[in-house]
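Colleague: model this:
(one chain, ligands or ions: 1)
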Amino acid sequence: MVKYVVTGSTGGLGSQVFKYLLKLVPASDIIVSLYNPAGATPAIKDSGVEIHRGDYGDPASLDAAFAGADKLLIVSYPSIAHELRVAHHKNAIDAAKRAGIKHVYYTSLAFAGDSVAAVMQAHIDTERYLKESGLTYTILREGIYSESYPLYFGFWDPKEGVDEVIVPHSDGGIAWVCREDLGEGTAKIMVEGGYENETRLLSGSKTYTLKELAALASRLLGRDIKLIVGTEDDYVRRNVGKHGPRGEEEFLRKWATTYKALARGELDVVDPLLQKVLGRDLKPFEETLKESLGLASGVGSIVEQYAK
Ligand SMILES: NC(=O)c1ccc[n+]([C@@H]2O[C@H](COP(=O)([O-])OP(=O)(O)OC[C@H]3O[C@@H](n4cnc5c(N)ncnc54)[C@H](OP(=O)(O)O)[C@@H]3O)[C@@H](O)[C@H]2O)c1
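Modeller: A predicted model of the protein is given here:
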């Protein structure tokens, strides 16, 4: 019997990992480590799994949550604040060691290992720390979520009525992939084993540039959405003052480095692994885009979720 402990199960990716893990192993083999146990979803509460509080900022809580488990999934901390993020990940890795975890899975991101994107730097530091920890690990560089396309598409919101999208520096291909496919693939990899001490990319099966995204959105909405690759200042001017962190100049200039990574083709990489693990075609990007464009709430919520 292998006992699994999973983090982030209330989140977009972790909830999918949890859903598929529960299909693959008995509930009695799963521990859910939650930042906020009071916020456990009905899917978690009704499943019969063991639930513990596990806050990346509180090592003692992680010791209690990880105790008795063999395999641990560390879902990366949702923030672009570099030092805090790395510190949280280190806490989880150190706790895994103390708990005698036999295999750690870490959800990294799809940018290159020598990325110039600010958002990837905490993952690079965490990957290094995990590799040097002496633990058996699998680093899963999770592909760019199809659902998160507004982050890359100039924070464009179809409901705002401005159909000129400004991005800085460069366009580039992205192998978009939906969170459900990533979650299912991650759960399968954890259960099936293998990939020991490997760093693997889970990507979509096709890349789309932002210009191609604009053409798809134009077709789906029946209006002309235009992509403009402008200067960083143009991009900052367009977004500064908007609600939340995406309206802050410091955040915008940091996020602008993403487009320097696009220029290097960092996300323009298709790896067949996820399709192989799932044994089926992946959900096409167009489908998720169509669903997102139809959201009654607009894209505001996805931007609020990640731009922090
Ligand atoms: N591949 C991509 O395109 C992409 C895009 C955006 C983000 N990401 C990264 O991938 C991760 C997973 O994405 P997601 O969609 O699942 O994010 P998400 O929906 O924001 O979920 C984040 C999870 O982390 C938990 N959490 C928050 N603070 C914590 C703490 N101090 N200790 C332990 N857990 C904590 C949250 O718990 P609560 O619900 O209780 O707050 C939630 O379960 C993100 O955290 C981010 O690092 C990847």
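
Colleague: phi and psi next, for Leu293.
Modeller: Main-chain dihedrals, Leu293, degrees, to the nearest 10: phi -70, psi -20.

Colleague: might one say that it is in contact with Leu220?
Modeller: Yes - counting by C-beta atoms under 8 Å, Leu293 does reach Leu220; the two are 5.6 Å apart. (Each C-beta comes from the backbone N, C-alpha and C, glycine too.)

Colleague: so which residues on this structure come close to the ligand?
Modeller: 7-8, 10-14, 35-36, 39, 55-57, 75-78, 88, 107, 109, 142, 144-145, 148, 305-306 (C-beta under 6 Å from any ligand atom).

Colleague: mind giving me the ChimeraX select for those residues, buried ones only?
Modeller: In ChimeraX syntax, the buried subset of the residues of the chain next to the ligand is picked out as below (16 or more other C-beta atoms under 10 Å):
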select :7,8,10,11,12,13,14,35,55,56,75,76,77,88,107,109,142,144,145,148,306
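
Colleague: show me where the protein has strands.
Modeller: Using DSSP state E, the strands of the chain run over residues 4-7, 30-34, 50-53, 71-74, 103-109, 137-142, 164-168, 173-174, 198-202, 208-209, 226-230.

Colleague: turn those into TSV, including mean pLDDT.
Modeller: Formatted as TSV, the strands of the chain follow (pLDDT from 0 to 100):
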stretch	mean pLDDT
strand 4-7	98
strand 30-34	98
strand 50-53	98
strand 71-74	99
strand 103-109	98
strand 137-142	99
strand 164-168	98
strand 173-174	98
strand 198-202	98
strand 208-209	98
strand 226-230	98
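
Colleague: got these as JSON lines, with distance to Arg253 columns?
Modeller: Shown next, in JSON lines, are the strands of the chain (distance: least, C-beta to C-beta, whole Å):
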{"stretch": "strand 4-7", "distance to Arg253": "30"}
{"stretch": "strand 30-34", "distance to Arg253": "34"}
{"stretch": "strand 50-53", "distance to Arg253": "36"}
{"stretch": "strand 71-74", "distance to Arg253": "29"}
{"stretch": "strand 103-109", "distance to Arg253": "19"}
{"stretch": "strand 137-142", "distance to Arg253": "25"}
{"stretch": "strand 164-168", "distance to Arg253": "9"}
{"stretch": "strand 173-174", "distance to Arg253": "21"}
{"stretch": "strand 198-202", "distance to Arg253": "27"}
{"stretch": "strand 208-209", "distance to Arg253": "23"}
{"stretch": "strand 226-230", "distance to Arg253": "14"}
